[in-house]
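>>> Just the structure for this:
(2 chains)
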Amino acid sequence: MAEIIVVTSGKGGVGKTTTSASFAMGLAEREHRTAVVDFDIGLRNLDLIMGCERRVVYDFVNVIRGEASLNQALIRDRHLRNLFILPASQTRDKDALTPEGVAKVMEELSQSFDYIVCDSPAGIERGAQLAMYFADHAIVVTNPEVSSVRDSDRMLGLLSSKTKRAEEGREPPQQHLLLTRYSPKRVSRGDMLGIVDVNEILAIPLLGVIPESPAVLRASNSGEPVILNRESDAGQAYADAVARFCGETIPQRFIEEKQGWIKKLFSFREKESV
Amino acid sequence: MSFQTGINKILQYFQRPTRSASIAKERLQIIIAHERTKQDRPDYLPMLQKDLIDVIAKYVPINVEDIHIDVDRQEGCSILELNIMLPDRALSARVAETV
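Reported below is the predicted structural model:
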């Protein structure tokens, strides 16, 4: 049986797809058979981030409607043989995703994969609800910013009531906080919510902190998930987060402001002036 | 620019800038605490409120704002609290009922 992970946030643009792509890649790197599923029907984008947009023939909705088999729709990743992508459909029919259809696809994927990563759309509509419904784990992607934190809290409420696990009276999906677009510099200046602040409000275990990084945009420009770029801070931070998810104990990195020697020299003066 | 505003500007220059993150945190704590209590409310409350208004309106003219419904949870039992302001003689009825 596969473990189902939903990557969710409520708010758009916080890094769900970036996280789904890197997380799935990271799990596959660790030899887990992994499938990553795009639930954003009508606004497919995971294929672009994974760099397989030109190989999409059939999609999620084709499989649900019986127009293609799951094997026909799954796209094998260019880098890793044990990673597959199930792209979303570009249909405008918002009822294309049915609970029964999604249940069937999840069940079939469960037969041959260790992990199924569900990339949720923004909002709390059908796509987002179905993405989280079958989850065993939820990665809540949050920016250190008021609207994102508030929306994440809403999602936490939904996770503990509107999921299969919750409805069956089992433990709701295990919740993990992933803080993205974190800027240690702005936090230390007092102009951005810090890890402690967000943790105090949301009160769920912290899986990782991904620093704001130009590597993320570069990665999506070239269709290579940022975790593949281990030179970059964001790539390393994602690799750390995956390792923690797999049970390793790794201290948080990239949460302190980088200081050059000139800055260190003048840090005494700066503290005085603040 | 008057002398006063000039002085203020100079004072402001030397003051600590407001740390916006702490404002953000405070605002979030308040709004989220508020929304979490609402989240636990049963779905029928707004409908119950509407039905109550309809019934009472048969006898007394009444406004939507004059009915307050709240559910409180205390040690395993829920308390449904109805607070109805009757307009005429400023008579208020308070009914607390254990559900």
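>>> So A:Val36: helix, strand or coil?
Counting by DSSP: H, G, I helix; E, B strand; the rest coil, the backbone at A:Val36 sits in strand.
>>> Contacts only, for the nearest residue to it once chain neighbours are set aside.
Counting by C-beta to C-beta, 6 or more residues apart in numbering or on different chains, A:Val36 lies nearest to A:Ala24, which is 3.7 Å off, once chain neighbours are set aside. For glycine as for every other residue, the C-beta is placed from the backbone atoms N, C-alpha and C. A:Ala24 sits next to A:34-36, A:83, A:115, A:117, A:225 when contact means C-beta atoms under 8 Å, 6 or more residues apart in numbering or on different chains.
>>> Could you do B:Lys25 as well?
Contacts for B:Lys25 (C-beta under 8 Å, 6+ apart) come out as A:193, A:197, A:200-201.
>>> SS state for the residue nearest the centre of chain B?
The residue lying closest to the centre of chain B (C-alpha atoms, centre = their mean) is B:His34, at 8.1 Å. Put simply, B:His34 is helix when judged by three-state DSSP.
>>> Could you measure from it over to A:Glu108?
Distance, B:His34 to A:Glu108, by C-beta to C-beta, to the nearest Å: 43 Å.
>>> Is any residue of stretch A:211-219 near chain B?
No: Stretch A:211-219 does not reach chain B (C-beta under 8 Å from any C-beta of the partner chain); its nearest approach is 15.1 Å.
>>> For that stretch, what is the distance to the chain centroid?
Its chain's C-alpha centre and that of stretch A:211-219 lie 15 Å apart, by C-alpha atoms, centre = their mean, to the nearest Å.
>>> what angle sits between whatever helix or strand the residue nearest to A:Val36 lives in and strand A:34-38?
Here A:Ala24, judged by DSSP states H and E, is contained in helix A:16-29. Angle of helix A:16-29 versus strand A:34-38, following axes from the mean of the first three to the mean of the last three C-alpha atoms, to 10 degrees, is 170 degrees.
>>> picking up where we left off before, could you measure from the residue nearest to the centre of chain B over to A:Arg154?
In terms of C-beta to C-beta, B:His34 sits 12 Å off from A:Arg154.
>>> Tell me, what's the model's pLDDT at the closest residue to A:Arg186 other than its chain neighbours?
Excluding the flanking residues, the one nearest A:Arg186 by C-beta to C-beta, 6+ apart is A:Met192, at 3.9 Å. Confidence at A:Met192, expressed as pLDDT, is 96.
>>> With B:Asn63 instead?
pLDDT, B:Asn63: 77.
>>> can you count the residues close to it?
Applying other C-beta atoms under 10 Å in any protein chain shown, we find 10 residues neighbouring B:Asn63.
>>> picking up where we left off before, now the contacts of A:Ala24 as CSV including neighbour count, pLDDT and distance to A:Thr8?
Putting the contacts of A:Ala24 into CSV (neighbours: other C-beta atoms under 10 Å in any protein chain shown; pLDDT from 0 to 100; distance: C-beta to C-beta, whole Å) gives the following:
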residue, neighbour count, pLDDT, distance to A:Thr8
A:Thr34, 26, 98, 18
A:Ala35, 27, 98, 17
A:Val36, 31, 98, 14
A:Leu83, 27, 98, 21
A:Tyr115, 23, 98, 16
A:Val117, 30, 98, 11
A:Pro225, 29, 98, 18
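>>> Output the residues you listed as JSON lines; include the columns distance to A:Ala135.
Converted to JSON lines, the contacts of A:Ala24 look like this (distance: C-beta to C-beta, whole Å):
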{"residue": "A:Thr34", "distance to A:Ala135": "15"}
{"residue": "A:Ala35", "distance to A:Ala135": "14"}
{"residue": "A:Val36", "distance to A:Ala135": "14"}
{"residue": "A:Leu83", "distance to A:Ala135": "19"}
{"residue": "A:Tyr115", "distance to A:Ala135": "11"}
{"residue": "A:Val117", "distance to A:Ala135": "10"}
{"residue": "A:Pro225", "distance to A:Ala135": "21"}
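>>> for chain B, what are the nearby residues on chain A?
By C-beta under 8 Å from any C-beta, the residues of chain A that approach chain B are A:145-146, A:149-150, A:153-154, A:157, A:187, A:190-194, A:197, A:200-201, A:274.
>>> which other residues reach the host helix or strand of A:Arg150?
For A:Arg150, the host element (DSSP H and E) is helix A:146-159. Outside helix A:146-159, the residues within contact range by C-beta under 8 Å, 6+ apart are A:8-11, A:14, A:124, A:129, A:132, A:135, A:138, A:140-143, A:166, A:172-173, A:175, A:177, A:193, A:198, A:201-202, A:204, B:24, B:27-28, B:31-32, B:35-36, B:39.
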